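Engineer: could you look at this predicted model? Sequence included:
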Amino acid sequence: VQQGLPATMNPLSMIAPAAKRTLSDVLRALPKKGVGCLVARDTWHPESGKYWEITKVEAKKEEGDKFDAWGYKYWKGQRTHKKPKQIASVWKYGWFWKLRSKEQQMFAAELAAFQNTQQSQSNNAQESKSA
């Protein structure tokens with residue numbers, strides 16, 4: 001994990017869903033622009049097994065900070081098509097990085113530290129408002 005990044009660019013910050021986060025926002029923060037990663041939307045029920053495995057990412061010609069992405073869509077944990085498809089809803093909000101179990105194990109200590117830092121910052125902000 002990249003050290004010293006602002007929280008919004010730290011890949012671990014992409015794990016929890018955020019209301020105003022597009023797929024481009026998530027991909028921008030992940031290693032290799034998210035190629036090989038799993039992503040999902042917060043509107044998809046966790047037990048549905050619905051997610052995308054990113055295979056290709058390209059910057060949009062007219063807007064270099066936004067991306068087009070392709071990948072395999074999964075439903076109930078099963079791939080729904082044989083070839084990668086373009087993801088149509090990249091501009092919608094609520095995307096997040098869905099960790100594989102090996103990634104969860106690899107990042108366990110860093111994730112716990114990151115979540116503790118985020119919680120502390122949230123608590124400090126609440127205390128500042130009430131003071």
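Structural biologist: Alright, I've got the coordinates.
Engineer: ok, residue 35 to residue 42 distance?
Structural biologist: For residue 35, the distance to residue 42 equals 22 Å [C-beta to C-beta, to the nearest Å]. (C-beta placed from N, C-alpha, C; glycine too.)
Engineer: show me where this protein has helices.
Structural biologist: 23-29, 101-106, 108-130 (DSSP state H).
Engineer: in the chain, what residue spans correspond to strands?
Structural biologist: For the chain, applying DSSP state E gives strands covering 38-41, 51-59, 67-75, 78-79, 85-86, 95-98.
Engineer: out of these, deepest packed?
Structural biologist: Most buried of the strands of the chain, by mean neighbour count (mean count of other C-beta atoms under 10 Å): strand 95-98, with a mean of 22.
Engineer: mean confidence (pLDDT) on it, please.
Structural biologist: For strand 95-98, mean pLDDT is 88.
Engineer: need the contact partners of that strand.
Structural biologist: In this structure, residues lying in contact with strand 95-98 by C-beta atoms under 8 Å, 6 or more residues apart in numbering are 11, 14-18, 21-23, 25-26, 30, 34, 37-42, 51.
Engineer: run the last query once more with 10 Å
Structural biologist: Contacts to strand 95-98, defined as C-beta atoms under 10 Å, 6 or more residues apart in numbering, come from residues 11-18, 21-27, 29-30, 34, 37-42, 44, 46, 50-54, 69, 74, 87, 89, 103.
Engineer: same check on stretch 53-66?
Structural biologist: Stretch 53-66 has contacts (C-beta under 10 Å, 6+ apart) with 22-28, 30, 32-39, 67-74, 79, 83-87, 90-91, 97-98, 100.
Engineer: so how many other residues sit close to residue 91?
Structural biologist: 10 (other C-beta atoms under 10 Å).
Engineer: with adjacent residues omitted, what lies nearest to it?
Structural biologist: Closest residue to residue 91 apart from its sequence neighbours, by C-beta to C-beta, 6 or more residues apart in numbering: residue 22 at 5.7 Å.
Engineer: count of neighbours near the one you found?
Structural biologist: Around residue 22 there are 18 other residues, counting by other C-beta under 10 Å.
Engineer: how about the contacts made by it?
Structural biologist: Counting by C-beta under 10 Å, 6+ apart, residue 22 has contacts 28, 66, 67, 89, 90, 91, 92, 93, 94, 95.
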